[in-house]
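[1] Okay, here's the prediction I keep looking at, along with the sequence it came from:
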Amino acid sequence: MLHTTAYMVFTTCKGIVTSRLDYCNALYAGMSSSNFKKLQRVQNTLARVVLKQRKFDHVTQSLMELHWLPIRHRMTFKLATLTYKILRDNQPDYLSELLSFYQPERDLRSSSQGLLTVKRTRTVLATRGFKHSSVSIWNSLPVDIRNSDTLFGFRRRLKTFLFQSAFAT
C-alpha cells in the first residue's frame with residue numbers, strides 16, 4: 001500500500017513539474033540561453049528524481065532513457081505542433097490569420113515544399129512573436145515532416161527528428 005501511495009504522489013509531482021515546464025512554452029522562442037539553462041536544470045533534476053540518481057550523475061543518458069526532449073527542443077516540438085494544427089484545421093482563427101503559405105510569382109521548386117511566408121520585422125523583440133517564430137521553426141523542418149498527412153504521423157516524425165538532433169553523438 002505504501003509503495004502505491006508513493007508512486008501516486010511521485011506521478012502527481014512529475015505531472016505538475018512537466019506541466020509547468022510546458023506552460024506557455026511558445027513564449028520561450030528567442031529566450032536567452034541563460035534562461036533556457038535554468039529551465040533545463042529543472043528538467044534535469046526531475047529526470048534524476050524519476051530514475052533515482054544522485055545529484056552529480058550525468059543526465060543526458062537519463063533524458064534519452066526517459067525519451068524526454070531537452071527544453072529548447074521541447075519548445076520547438078510544441079510550437080511546430082501548434083503550427084501544424086493551425087495550418088491543417090485553420091483553428092483558431094486569430095492565429096491562422098498570422099500564417100500564410102509561400103507562393104512565389106513564378107513556378108519554383110520551393111513552391112511545393114509547404115513553406116510559410118516570413119514576415120519582415122523591425123525589431124529583434126518582434127522575432128520572438130508567434131508570427132515570426134512559428135514560421136522560422138516550420139520552415140526549418142524537413143519536407144517529409146511538414147508534409148505529414150496526420151497529426152500522429154507529424155508528431156512522431158518531429159519527435160524522432162528533434163530527438164536525433166538533440167542527442168546526436
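    Structure's in. What do you need?

[2] Spatially central, which residue of this structure would that be?
    The residue lying closest to the centre of the chain (Cα atoms, centre = their mean) is F77, at 2.2 Å.

[3] hang on, isn't that residue packed against F161?
    No - using Cβ atoms under 8 Å as the test, F77 is too far from F161 to be in contact (9.5 Å). Where C-beta positions appear, they are placed from N, C-alpha and C, glycine not excepted.

[4] Tell me how far the residue nearest to the centre of the chain lies from L158.
    Distance, F77 to L158, by Cβ to Cβ, to the nearest Å: 6 Å.

[5] And for L98?
    Applying Cβ to Cβ, the value for L98 to L158 is 21 Å.

[6] ditto for L63
    For L63, the distance to L158 - Cβ to Cβ - is 17 Å.

[7] mind checking pLDDT for K14?
    On the pLDDT scale, K14 is placed at 67.

[8] Contacts only, for the residue nearest to the centre of the chain.
    Residues near F77 by Cβ atoms under 8 Å, 6 or more residues apart in numbering: L69, R155, L158, K159, L162.

[9] Neighbour count says what about these? Which are buried?
    Buried residues within the contacts of F77, counting neighbours by 16 or more other Cβ atoms under 10 Å: L69, R155, L158, K159, L162.

[10] and the two most separated of the residues you listed?
    Maximum pairwise distance among the buried ones among the contacts of F77 (Cβ to Cβ): 11.7 Å, between L69 and R155.

[11] low pLDDT regions in the protein?
    For the chain, applying pLDDT under 70 flags the ranges 1-14, 100-113, 169.
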